[in-house]
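Trainee: The following comprises the amino acid sequence and a computationally predicted model.
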Amino acid sequence: MAADEPIDPHGSFDKLLGLRIQEVSNDRVVGVVAVTPDMFQPYGLVHGGVYCTLVETVASVGAAAWLAGSARTVGISNHTDFLRPVRSGQLRAEATPLNRGRTTQLWQVAVTDERGRMVAHGEVRLVNLPVVPGSEGP
């Protein structure tokens, strides 16, 4: 998908956050979000939960793209480190795979600010679940 053709994330929470997925491939996912005061913790900084959401979402999108409908994927671990405070601008999350196996995947995510500085880094482990016929629910 081209960067000028953003797609909406599938989850309502991601839409509430304003996350836009700009690029999806088997080997890389890029998402961006504009920082708003609604994302702040009490000290006027982006809340850590925002970073965790970005990390988990772009990793999950990449893991699902790699599976190409042959299975579903669900996050089982999200370890996100907060490296630098952010008060304004835009955040960019870029996910790349570290390991993709038959039953699990491990993706790393770099979150950067408008100046290209890394503000958070995360790793998400996901489990690949087989698609069971007749279970097409969410």
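Mentor: Okay, I see it.

Trainee: buried set for the biggest helix by length in the chain?
Mentor: Secondary structure of the chain read by DSSP state H shows that its longest helix is helix 48-67. In terms of neighbour count (16 or more other CB atoms under 10 Å), helix 48-67 has its buried residues at 50-67. C-beta here means a position set from N, CA and C on the backbone, and glycine is covered the same way.

Trainee: and if you look at stretch 15-32?
Mentor: Within stretch 15-32, the residues that count as buried by 16+ other CB under 10 Å are 17, 19-24, 29-32.

Trainee: and the next helix or strand after the longest helix of the chain, average pLDDT?
Mentor: Next in sequence after helix 48-67, counting helices and strands by DSSP states H and E, comes strand 71-82. For strand 71-82, mean pLDDT is 96.

Trainee: Go through strand 71-82 and flag the buried ones.
Mentor: For strand 71-82, by 16+ other CB under 10 Å, it's 71-73, 75, 78, 80, 82.

Trainee: Test my guess that S88 contacts P37.
Mentor: No - the pair S88 / P37 is not scored as a contact, 9.2 Å apart, by CB atoms under 8 Å.

Trainee: Comparing the two, which residue is more hemmed in?
Mentor: Each of S88 and P37 has its neighbours counted (other CB atoms under 10 Å); S88 has more, 12 against 8.

Trainee: Lovely, talk soon.
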